[in-house]
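> next comes the sequence, and after it the predicted model I'd like to discuss.
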Amino acid sequence: MARGNAVVPAMEMTKWFDTNYHFIVPELSPDLKFTYASHKAVVEYKEAKEHGIETVPVLVGPVSYLLLSKPAKGVDKSFSPLSLLGKIIPIYKEVLAELKAAGATWVQFDEPTLVLDLESHQLKAFIDAYEQLEETLSGISVILETYFADLPADAYKMVTSLKAVSAIGLDLVRGEKTLELIKNLGFPSDKYLFAGVVDGKNIWANDLEASLEMLKTLESIVGKEKLMVSTSCSLMHTAVDLLNETKLADEIKSWLAFAAQKILEVNALANALAGEKDGELFSANSAAQESRKSSARVNDEAVQEAASALRGSDHRRATPVTARLEAQQRKLNLPMLPTTTIGSFPQTMDVRRLRREYKTNKITEEEYVEAIKEEIKKVVKIQEELDIDVLVHGEPERNDMVEYFGEQLKGFAFTVNGWVQSYGSRCVKPPIIYGDVSRPNPMTVFWSKAAQSITTRPMKGMLTGPVTILNWSFVRNDQPRSETCYQIALAIKNEVEDLEACGIQVIQIDEAALREGLPLRKSEQALYLDWAVHSFRIANCGVKDTTQIHTHMCYSNFNDIIHSIIDMDADVITIENSRSNEKLLSVFREGVKYGAGIGPGVYDIHSPRIPATEEIADRINQVLAVLERNVVWVNPDCGLKTRKYSEVKPALTNMVAAAKLLRTEL
Ligand code: GLN
Ligand code: ZN
């Protein structure tokens, strides 16, 4: 189901709210019959119990499960999976009965959809669901858990009135209004509050004194007996154990808490609340908080001033995009339907070994530079032979599109073992942004210059954008995300201008993760889009009209944020599209005006399949039916680094052939 095979495509995977964890979206149809198939929750409960450990089994709650599902293929789009509530509740009852029989006294239902802007009929589904479950709940208590934001007031009122629920879990870290809600709307005297005061998602040590204060306030409202200390969400979204970190500076380490440390924090807070405060631990914690505030590692006044000077102003290139494109075309002289790729070329075993040997000092810097230059030469030659119009250097020197930049920026730290599950056995190791960000030295100029020097065709400079660097890192919690983003934008701006100064005429600034930083609540989205798009423009508004700024995005479902994308004011945008031409094109068909260059990916690089020339030509034709022909670019969906040369070469051959075929027809 996750991988698909030759005949059945893989099911859709999507991010669990705004985390980097992915789940497979259930596909449901009206005639579906649910059965109780996997007894995993019960088996694992028993396994822990055999070891003498009493656990609380955690299940996705029935309403969130249905709200996160979608209609199966072939089912009318108007079908609402929520209509299956009556069919799925009996299965939950079976699970509850079995857990009860196994000895469980508590069970947790995760209902994080409650933090979204739900409609009243969706909220009502919770009332129905938990009323139906009520009779099964004698002898076993339910914690209804929410996280990642505060609840809207109507959801809060609904949840606190659910009779079947014995405890409610609330996020007091990211739910900035949670405390106000509890103060203003009260908390039911018959329920426990699981107070998520320890940040389960980020990697910072909790400010224990501040949390203790908050817990005392909560205690005065809900009562001593009813207050439980908890993390704000599951610990699967943070790194595992700080003890595994051997390379972080001690000072930085003192500011951090990974999952193992967070559990100690929860315990310390609970003990303190019960009158057994561990004085030593609390004062060490306070000292660390102080050192973080005043540390020279964190503070760079010049950066702070430069970044705060940006707020309020607009930062836009003076010339409108259409006129810029003309100026660029006079210099670049590209054919109709210009071809390009997204940046990376296959990261072969040899390339990976090279980087590893350099990192572990097995080869000298000179040897490394020579070998990477050789690789770039190879990639350039292939593209020239394929007759691609705008070239890339292939990114062989980069391990990861964020890590590569983070390693060269001030204010970033890297863990050796700070892995977080992304899906299946896949993990990511996000950098930690701990301080003010600046760029001591150029980061990509050396390689871009080398690549441009061996070809007469335009060579794209290749950068990761500020918003993507931000969204794929563990971020500071001592200043707003926007502030950190502006600082990164200034660093990237320096790089953009250095690239331009040494003759690079096309610069791509990848914003693969712009969309995923979108806040869960609609009321907060406009503000985010405003500073995110502003950051992107800060990075590139200083270039000449003749310098062409590209950006790239890895998703096509941006119909709802299309105006922000236009507002980024890039000259050319390349986007993932090959899985869903329709979705992307519909927005333009509906009349959105788009004057910049646009390259909707013409084939799927996530699959080893090699698309035929005619098939690619077909796709381009679909695009041409909707968009002006002089703005359309031809490119794959995304970077080629996970593919083999035996796939990339024929696929790109067909792509260029398709573009040429259509040029003769235009
Ligand atoms: N330039 C990057 C690459 O080609 C972009 C990757 C991405 O969009 N995720 O690898
Ligand atoms: Zn991409």
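Received it, and whenever you're ready, just let me know what you need. Ligands and ions are numbered 1, 2, ... in the order given.
> pretty sure residue 149 contacts residue 522?
No - at 11.4 Å, residue 149 and residue 522 do not qualify as touching, with contact defined as CB atoms under 8 Å. All C-beta atoms are positioned from the backbone trio N, CA, C, and that covers glycine.
> which one's more surrounded, the two?
Neighbours per residue, other CB atoms under 10 Å: of residue 149 and residue 522, the larger number sits with residue 149, 22 against 11.
> flag every residue of this structure that's near ligand 1.
342-344, 395, 401, 462, 510, 512, 552, 554, 638-639, 641 (CB under 6 Å from any ligand atom).
> change it to 8 Å
By CB under 8 Å from any ligand atom, the residues of the chain that approach ligand 1 are 341-344, 392, 395, 398, 401, 462, 464, 508, 510, 512, 552-554, 638-641.
> mind checking which of these are buried?
Neighbour counting by 16 or more other CB atoms under 10 Å classes 341-344, 392, 395, 398, 401, 462, 464, 508, 510, 512, 552-554, 638-641 among those as buried.
> restrict those to contacts with ligand 2.
554, 638 (CB under 5 Å from the ion).
> among the buried ones among the residues of the chain next to ligand 1, which lie within strands?
Among those, the residues falling in strands (DSSP state E) are 462, 464, 508, 510, 552-553.
> quick check, residue 412 in a strand?
Yes - counting by DSSP: H, G, I helix; E, B strand; the rest coil, residue 412 is located in a strand.
> what about it, how many neighbours?
Burial measure for residue 412: 20 neighbouring residues, criterion other CB under 10 Å.
> contacting residues for it?
Counting by CB atoms under 8 Å, 6 or more residues apart in numbering, residue 412 touches 406, 431-434, 437, 473.
> got it, and residue 132?
Shown in contact with residue 132 (CB under 8 Å, 6+ apart): 86, 89.
> ok, and for the host helix or strand of it, which residues are buried?
Here residue 132 sits within helix 120-133, counting by DSSP states H and E. Residues of helix 120-133 classed as buried by neighbour count (16+ other CB under 10 Å): 122-123, 125-127, 129-130, 132-133.
> closest to ligand 1 among the residues you listed?
For the buried residues of helix 120-133, the residue nearest ligand 1 by CB to the nearest ligand atom is residue 122; the value is 33.2 Å.
> touching, that closest one and residue 67? I think so.
Yes - using CB under 8 Å, residue 122 is in contact with residue 67, at 6.6 Å.
> that older thread, most neighbours, which of the contacts of residue 412?
Neighbour counts for those (other CB under 10 Å) peak at residue 437, which has 28 neighbours.
> helix, strand, or coil at that residue?
Relying on three-state DSSP, one would call residue 437 strand.
> which ones are touching it?
Contacts for residue 437 (CB under 8 Å, 6+ apart) come out as 303, 409-412, 484, 487-488, 490-491.
> and the pLDDT at the closest residue to ligand 1 within the stretch 201-350 of the chain?
The stretch 201-350 of the chain approaches ligand 1 most closely through residue 343 (2.6 Å), counting by CB to the nearest ligand atom. In this model, residue 343 is scored at 98, pLDDT.
> tell me how far it lies from residue 553.
From residue 343 over to residue 553 the distance is 13 Å, taken as CB to CB, to the nearest Å.
> and what of residue 243?
Using CB to CB, residue 243 is found at 38 Å from residue 553.
> out of the contacts of residue 412, which two sit at the greatest distance?
Largest separation among the contacts of residue 412 by CB to CB: 432 and 437, giving 12.0 Å.
> contacting residues for the closest residue to residue 517 other than its chain neighbours?
Using CB to CB, 6 or more residues apart in numbering and skipping the chain neighbours, the partner closest in space to residue 517 is residue 471 (4.3 Å). Each residue near residue 471 by CB under 8 Å, 6+ apart is listed here: 513-514, 516-517.
> which of those residues sits closest to residue 94?
residue 516 (36.0 Å).
> tell me if the closest one really is in a helix.
Yes - assigned with three-state DSSP, residue 516 falls within a helix.
> is it in contact with residue 16, as I believe?
No - using CB under 8 Å, residue 516 makes no contact with residue 16, being 11.2 Å away.
> buried residues in stretch 298-306?
298, 300, 303.
> and the lowest-mean-pLDDT helix or strand in the chain, what does it pack onto?
Lowest on mean pLDDT, DSSP states H and E among the helices and strands of the chain sits helix 581-589, with a mean of 79. Applying 3 or more CB pairs under 8 Å, 6 or more residues apart in numbering; DSSP states H and E, one finds that helix 581-589 makes contact with strand 597-600, helix 613-624.
> could you check the angle that helix makes with helix 613-624?
Computed with axes from the mean of the first three to the mean of the last three CA atoms, to 10 degrees, the direction of helix 581-589 lies at 30 degrees from that of helix 613-624.
> who's in contact with helix 581-589?
With CB under 8 Å, 6+ apart as the criterion, helix 581-589 contacts 556-559, 562, 575, 577, 594, 600, 619, 622-623, 626-627.
> in the stretch 101-250 of the chain, what residue is nearest ligand 2?
In the stretch 101-250 of the chain, the residue that lies nearest ligand 2 is residue 237 (22.9 Å; CB to the ion).
> nearest residue to the residue most central in space within the chain other than its sequence neighbours?
For the chain, the residue nearest the mean C-alpha position is residue 516 (4.6 Å; CA atoms, centre = their mean). Nearest non-adjacent residue to residue 516, counting by CB to CB, 6+ apart: residue 471, 5.9 Å away.
> number of nearby residues for residue 247?
Neighbours around residue 247, by other CB under 10 Å: 10.
> surely it and residue 417 touch.
No - the criterion here is CB under 8 Å, and residue 247 misses it with residue 417 at 9.7 Å.
> could you measure from the residue in the stretch 451-600 of the chain that ligand 1 sits nearest to over to residue 274?
Here the residue of the stretch 451-600 of the chain nearest ligand 1 is residue 512; by CB to the nearest ligand atom that distance is 3.9 Å. Taking CB to CB as the criterion, residue 512 is separated from residue 274 by 47 Å.
> could you do residue 346 as well?
58 Å.
> which one's more surrounded, those two?
Higher neighbour count among residue 346 and residue 274: residue 346, with 20 against 10, using other CB under 10 Å.
> tell me the contacts of that one?
Contact partners of residue 346, counting by CB under 8 Å, 6+ apart, are 640-645, 648.
> how about residue 144, secondary structure?
strand.
> ok, what's across the strand from it?
Under DSSP bridges, the beta-bridge partners of residue 144 are residue 109, residue 168.
> which residues does it contact?
Counted by CB under 8 Å, 6+ apart, residue 144 has contacts 61, 109, 111, 130, 159, 162, 165, 167-169.
> now, which of those residues sits nearest residue 10?
residue 61 (26.1 Å).
> contact residues of the stretch 551-666 of the chain facing ligand 2?
Within the stretch 551-666 of the chain, the positions adjacent to ligand 2 are 554, 638 by CB under 5 Å from the ion.
> confidence score at the closest residue to ligand 1 within the stretch 551-666 of the chain?
Residue of the stretch 551-666 of the chain nearest ligand 1, by CB to the nearest ligand atom: residue 639 (2.1 Å). On the pLDDT scale, residue 639 is placed at 96.
> so it sits against residue 395, correct?
Yes - when contacts are counted by CB under 8 Å, residue 639 is listed as touching residue 395 (7.4 Å).
> anything in contact with each of the two?
Here residue 639 and residue 395 share the contacting residues 343-344, scored by CB under 8 Å, 6+ apart.
> for stretch 500-515, the averaged confidence score.
In this model, stretch 500-515 has an average pLDDT of 96.
> for stretch 55-68, same thing?
For stretch 55-68, mean pLDDT is 98.
> list phi and psi for the residue nearest to residue 516.
phi -70, psi -20 (degrees, to the nearest 10).
> how far away is it from residue 518?
10 Å.
> do the same with residue 28
Per CB to CB, residue 28 is found 25 Å from residue 518.
> when these two are compared, which one has more neighbours?
residue 28 (23 against 19).
> get me the contact residues on the protein for ligand 2.
Selection of the chain residues close to ligand 2 by CB under 5 Å from the ion yields 554, 638.
> low-confidence ranges, the chain, go.
Confidence mapping of the chain against pLDDT under 70 gives the ranges 556, 578-581.
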